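K.L.:
What would the 3D arrangement of this be:
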Amino acid sequence: MSAADRPAELGPPGGPPGSPGPPALPVTGTPADLGAEPPPLRTDLGIGLSTSLNASLSKSLDKRPRPAAGVGSRRVLVILPAWNEADGLAAVLSEVRAVLPGADLLVVDDGSTDRTAATAKTAGALVARLPYNLGVGGAMRTGFRYALDHGYDAAVQVDADGQHDPRYVPAMLDALDGADLVVGARFAGEGEYLVRGPRRWSMRLLSMVLSPMAGTRLTDTTSGFRACDRELIAFFARWYPAEYLGDTVESMVGALRRGYRVRQVPVAMRPRTTGMPSQSSLRAMVYLARTALVLLLALTRRVPAPPRSEVLAGVPR
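P.N.:
Predicted structure coming up:
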C-alpha cells in the first residue's frame with residue numbers, strides 16, 4: 001500500500017491513534033498575484049461528521065491560481081486562529097500583510113458567530129471555516145494540514161486579537177535555521193509584560209521542567225506566538241493537542257520528546273485589541289493546578305513518531 005493510500009493514523013487534535021482527524025474544510029480567497037494551482041484539500045479527515053456534510057466541506061477550495069508566497073528563501077504561511085474576532089481582524093491582517101508581503105495569510109474561523117470569515121475574506125486572506133468551535137488546537141491543526149498539503153516551508157501562528165507584533169516574525173524565521181520550533185517569548189529581555197502570582201509560578205514551573213529538555217532556557221512556554229519548519233508542520237498536521245493548554249504546553253513537550261529543536265526569540269506582547277483577559281485570584285489558582293496536570297499528562301502520554309521520512313521523500317498528496 002502506498003503512503004498516499006494509507007488511512008489517516010491520528011484522531012481529533014490530541015485524540016488517540018486510529019480515530020479520525022479534523023475535517024477537510026472549505027478554504028476561500030486568493031492573493032492577487034498568480035502562480036501554480038494548489039492540489040485539493042485531502043478528504044480523509046472527518047471528525048464524526050455525516051458523510052454528506054464532510055463531502056460538502058471538501059468541495060469549496062478556491063480553484064483560482066495561487067502565488068508561490070515567500071519570506072526570504074522560505075514559502076511562509078501565517079495562520080491566524082480566530083473566534084469572533086471580526087471587530088479587530090481587518091487591522092491585524094493589514095499589519096501582517098504590510099510587514100510580511102511575501103507570506104500567505106490563512107484565517108481559521110473557529111466556529112465564529114460573527115462576521116469573522118467575511119471580514120478575513122474581504123481583507124484578502126485565505127479562510128478556512130470550522131463547522132463548530134474546536135479551540136485553538138483544533139484551529140491550528142487545520143492550518144498545519146493546509147500548510148502540509150500545499151508545501152509551505154514554514155508556518156507562523158499569530159493571534160487574531162492583535163497581541164502579537166508581526167515585526168518579530170522575520171527574526172523568528174531566521175532562528176529556524178537552528179531550530180524546528182521558535183517561540184516568541186515574553187520575559188526574555190524584551191518589553192514590559194508582567195505576570196504575577198499563580199500564573200507566574202506556573203510559568204516558572206514550566207520553564208524549570210522544559211528548559212533542560214530543550215537544552216536552552218525557555219522563559220515563555222505558554223506563548224502562542226510561534227514559527228515552525230517543514231518537518232514540524234508535518235508532525236503537527238497529524239498530532240496537535242486541542243485540550244486546555246495542549247496547543248502550547250503539550251505541543252511543545254511532544255515536540256521535545258520526539259527530538260525536535262526548540263528555541264526562543266525575545267518579543268514584546270501588546271494589549272489585545274478585542275476581547276477581555278481573565279484576571280482573578282481564583283482563576284489564577286485554577287490555572288496553576290491545571291498547568292501542573294497538563295504538564296504531567298504531556299510528559300507521560302504517548303506521542304506518535306515524527307513523519308520525517310514523508311518530509312524528506314516528498315509529502316504525498
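K.L.:
all strands of the protein, in order?
P.N.:
Assigned by DSSP state E, the chain shows strands spanning 27-28, 76-82, 104-110, 126-130, 154-157, 181-185, 226-229, 262-266.
K.L.:
Now mean neighbour count too, for these, in CSV please.
P.N.:
Glycine gets a C-beta too; all of them are placed from N, C-alpha and C. What follows is these, written out as CSV (neighbours: other CB atoms under 10 Å):
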stretch, mean neighbour count
strand 27-28, 19
strand 76-82, 27
strand 104-110, 27
strand 126-130, 25
strand 154-157, 26
strand 181-185, 27
strand 226-229, 26
strand 262-266, 21
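K.L.:
What segments of the protein are helices?
P.N.:
51-57, 86-99, 116-122, 135-149, 169-175, 197-214, 230-238, 251-257, 281-300, 308-313 (DSSP state H).
K.L.:
Worst mean pLDDT among the strands of the chain?
P.N.:
Least confidently modelled of the strands of the chain is strand 27-28, at a mean of 61 by mean pLDDT.
K.L.:
in this structure, which helix or strand is least confident?
P.N.:
Every helix and strand of the chain was ranked by mean pLDDT, DSSP states H and E. The lowest is helix 51-57, at a mean of 34.
K.L.:
Could you identify which of the helices of the chain is most buried?
P.N.:
Most buried of the helices of the chain, by mean neighbour count (mean count of other CB atoms under 10 Å): helix 135-149, with a mean of 26.
K.L.:
Turn the helices of the chain into CSV, including distance to Thr221.
P.N.:
Formatted as CSV, the helices of the chain follow (distance: least, CB to CB, whole Å):
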stretch, distance to Thr221
helix 51-57, 34
helix 86-99, 24
helix 116-122, 28
helix 135-149, 15
helix 169-175, 15
helix 197-214, 4
helix 230-238, 16
helix 251-257, 6
helix 281-300, 9
helix 308-313, 24
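K.L.:
Out of the ones you listed, name the one with the poorest average pLDDT.
P.N.:
helix 51-57 - the lowest mean pLDDT of these, at a mean of 34.
K.L.:
Arg261: what's it in contact with?
P.N.:
By CB atoms under 8 Å, 6 or more residues apart in numbering, Arg261 lies in contact with 178-181, 214.
K.L.:
Equivalent analysis for Ala117, please.
P.N.:
Residues near Ala117 by CB under 8 Å, 6+ apart: 107, 109, 127, 129.
K.L.:
what do you get for Val108?
P.N.:
The neighbours of Val108, taking CB under 8 Å, 6+ apart as the test, are 79-82, 128, 130, 139-140, 142-143.
K.L.:
switch the cut-off to 7 Å
P.N.:
Applying CB atoms under 7 Å, 6 or more residues apart in numbering to Val108 gives the contacts 79, 81-82, 128, 130, 139, 142-143.
K.L.:
now it, nearest residue through space, not along the chain?
P.N.:
Nearest non-adjacent residue to Val108, counting by CB to CB, 6 or more residues apart in numbering: Ala139, 4.1 Å away.
K.L.:
Please report how far the one you found lies from Glu231.
P.N.:
Counting by CB to CB, to the nearest Å, the gap from Ala139 to Glu231 is 21 Å.
K.L.:
ditto for Ala120
P.N.:
According to CB to CB, Ala120 stands 28 Å off from Glu231.
K.L.:
go on, Arg145?
P.N.:
Going from Arg145 to Glu231 by CB to CB gives 15 Å.
K.L.:
what do you get for Ala90?
P.N.:
Ala90 sits at a distance of 33 Å from Glu231 (criterion: CB to CB).
K.L.:
ditto for Ala160
P.N.:
Separation of Ala160 from Glu231 (CB to CB) stands at 26 Å.
K.L.:
re the thing from before, relative to Arg186, which of the helices of the chain is closest?
P.N.:
Taking CB to CB, helix 197-214 is the member of those nearest to Arg186, at 8.8 Å.
K.L.:
got the angle for the closest one vs strand 262-266?
P.N.:
Relative orientation of helix 197-214 versus strand 262-266 (axes from the mean of the first three to the mean of the last three CA atoms, to 10 degrees): 130 degrees.
K.L.:
and helix 197-214, what does it pack onto?
P.N.:
helix 251-257, helix 281-300 (3 or more CB pairs under 7 Å, 6 or more residues apart in numbering; DSSP states H and E).
K.L.:
C-alpha coordinates for it, PDB please?
P.N.:
Extracted as PDB, the C-alpha positions of helix 197-214 are listed here (Å, rounded to 0.1, in the frame of the first residue of the first chain):
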ATOM      1  CA  GLY A 197       1.100  35.300  41.500                       C
ATOM      2  CA  PRO A 198       0.000  31.800  40.500                       C
ATOM      3  CA  ARG A 199       0.300  32.500  36.700                       C
ATOM      4  CA  ARG A 200       3.900  33.500  37.200                       C
ATOM      5  CA  TRP A 201       4.500  30.400  39.300                       C
ATOM      6  CA  SER A 202       3.100  28.200  36.600                       C
ATOM      7  CA  MET A 203       5.400  29.700  34.000                       C
ATOM      8  CA  ARG A 204       8.400  29.200  36.300                       C
ATOM      9  CA  LEU A 205       7.400  25.500  36.800                       C
ATOM     10  CA  LEU A 206       7.100  25.000  33.100                       C
ATOM     11  CA  SER A 207      10.400  26.700  32.400                       C
ATOM     12  CA  MET A 208      12.200  24.700  35.100                       C
ATOM     13  CA  VAL A 209      11.000  21.400  33.600                       C
ATOM     14  CA  LEU A 210      11.200  22.200  29.900                       C
ATOM     15  CA  SER A 211      14.400  24.100  29.700                       C
ATOM     16  CA  PRO A 212      16.600  21.100  30.400                       C
ATOM     17  CA  MET A 213      14.600  19.100  27.900                       C
ATOM     18  CA  ALA A 214      15.300  21.700  25.200                       C
END
